[in-house]
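Engineer: any chance you could fold what I've pasted below:
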Amino acid sequence: MVMGGCLTFIVAPDEEPVANSRVIAPGRFPVVILDPGHGGKDDGARANGLVEKELTLDLANRASKILQEFGFQAVLTRNDDTFLSLPERAAIANRTEDSIMVSIHFNHASATSSTGVETFYASEKVPPESAWTWAGFFIQPKVIDTDNGEALAGFLQSSMVDRTQSSNRGIKGRPLYVVRHTRGPAALVECGFITNLFEAQLIANSEYRDRLAKAIAEGVMSYTKSRPRPATLPSLAQASR
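Structural biologist: Next up is the predicted model:
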């Protein structure tokens, strides 16, 4: 809307420029956006015969299957070996009104002795572009009650350590794009070092990746149960082993 008068201009963009692109999450649980890192021209890390982009997609599919068994709607940002930019990944999560995002990665380091799992959350959230308004000059409104994903990261990290007995590298706030630019809670999990020979041998094992997938699903369920929602979540112990 533009109003002219006494050299005063007020411009306010729509809160949702593409309203039809937003999806209201159905059912009692939030939609879980699983983001397999890398893909297409971006291999991610390569070491000990492993390629990160292949591992992340495999793990996302395993976690998705478990979550769906427990009544969650799980959406993958990519379903094949496709390249997606970071803004495209965040946009997929932001299309759903009530969602949780877990971005899945595997770690690498120049020191081959590095080992363990770690999880990142947003050190600070970035408000959506539609939050900007102009009233003669630029004003960026304060973002209120934004979940930076720290609690989600904590549940995911705890579950991964419990399920895999890996070294606990902790949770950390970082300005990573995919966790900063999502409206809902988001975390990025690093599921082990493929540059570490012992850890790479574990990760290459299908049964071990099942344990990682159960850890991700369990972390999401525990976080969801901790939120003030009326639904009661089933125990992961009921999942097929």
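
Engineer: contacts and neighbour counts: CA atoms only from here.
Structural biologist: OK.

Engineer: got a list of what the residue most central in space within the chain touches?
Structural biologist: What sits nearest the mean C-alpha location of the chain, by Cα atoms, centre = their mean, is Val102, with 2.3 Å. Counting by Cα atoms under 8 Å, 6 or more residues apart in numbering, Val102 touches Val32, Ile33, Leu34, Asp35, Ala186, Ala187, Leu188, Val189.

Engineer: identify the bridge partners of it.
Structural biologist: In this entry, Val102 is beta-bridged to Leu34, Ala187, by DSSP bridges.

Engineer: ok, it to Leu197 distance?
Structural biologist: Noted for Val102: a distance of 26 Å to Leu197, by Cα to Cα, to the nearest Å.

Engineer: next one: Pro30
Structural biologist: Counting by Cα to Cα, the gap from Pro30 to Leu197 is 37 Å.

Engineer: who has more neighbours out of those two?
Structural biologist: Pro30 (21 against 16; other Cα atoms under 10 Å).

Engineer: contact partners for the more buried one?
Structural biologist: Neighbours of Pro30 in contact, by Cα under 8 Å, 6+ apart: Phe72, Gln73, Asp98, Ser99, Ile100, Thr224.

Engineer: show me the residues you listed that map onto strands.
Structural biologist: Among the contacts of Pro30, the ones falling in strands (DSSP state E) are Ser99, Ile100.

Engineer: of the contacts of Pro30, which one scores lowest on pLDDT?
Structural biologist: Ranked by pLDDT, these bottom out at Asp98 (91).

Engineer: do a quick rundown of the helices in this structure.
Structural biologist: 52-69, 86-94, 150-164, 177-180, 197-203, 206-226 (DSSP state H).

Engineer: send the alpha carbons of the third one over as PDB?
Structural biologist: It refers to helix 150-164. Backbone C-alpha positions of helix 150-164 (Å, rounded to 0.1, in the frame of the first residue of the first chain) are rendered in PDB as follows:
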ATOM      1  CA  GLU A 150      19.000 -25.100  21.000                       C
ATOM      2  CA  ALA A 151      16.600 -27.400  22.800                       C
ATOM      3  CA  LEU A 152      16.200 -29.500  19.600                       C
ATOM      4  CA  ALA A 153      20.000 -29.700  19.200                       C
ATOM      5  CA  GLY A 154      20.300 -30.900  22.800                       C
ATOM      6  CA  PHE A 155      17.800 -33.700  22.300                       C
ATOM      7  CA  LEU A 156      19.300 -34.800  19.100                       C
ATOM      8  CA  GLN A 157      22.900 -34.800  20.500                       C
ATOM      9  CA  SER A 158      21.800 -36.700  23.600                       C
ATOM     10  CA  SER A 159      20.100 -39.400  21.500                       C
ATOM     11  CA  MET A 160      23.100 -39.700  19.100                       C
ATOM     12  CA  VAL A 161      25.500 -40.200  21.900                       C
ATOM     13  CA  ASP A 162      23.300 -42.700  23.700                       C
ATOM     14  CA  ARG A 163      22.500 -44.700  20.500                       C
ATOM     15  CA  THR A 164      26.100 -44.800  19.100                       C
END
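
Engineer: now that helix: average pLDDT?
Structural biologist: In the prediction, helix 150-164 has an average pLDDT of 98.

Engineer: tell me which residues in it are buried?
Structural biologist: 150-161, 163-164 (16 or more other Cα atoms under 10 Å).

Engineer: can you get me a residue count around Val189?
Structural biologist: 24.

Engineer: an error on my part: the question was meant for Thr195.
Structural biologist: Applying other Cα under 10 Å, I find that Thr195 has 24 neighbouring residues.
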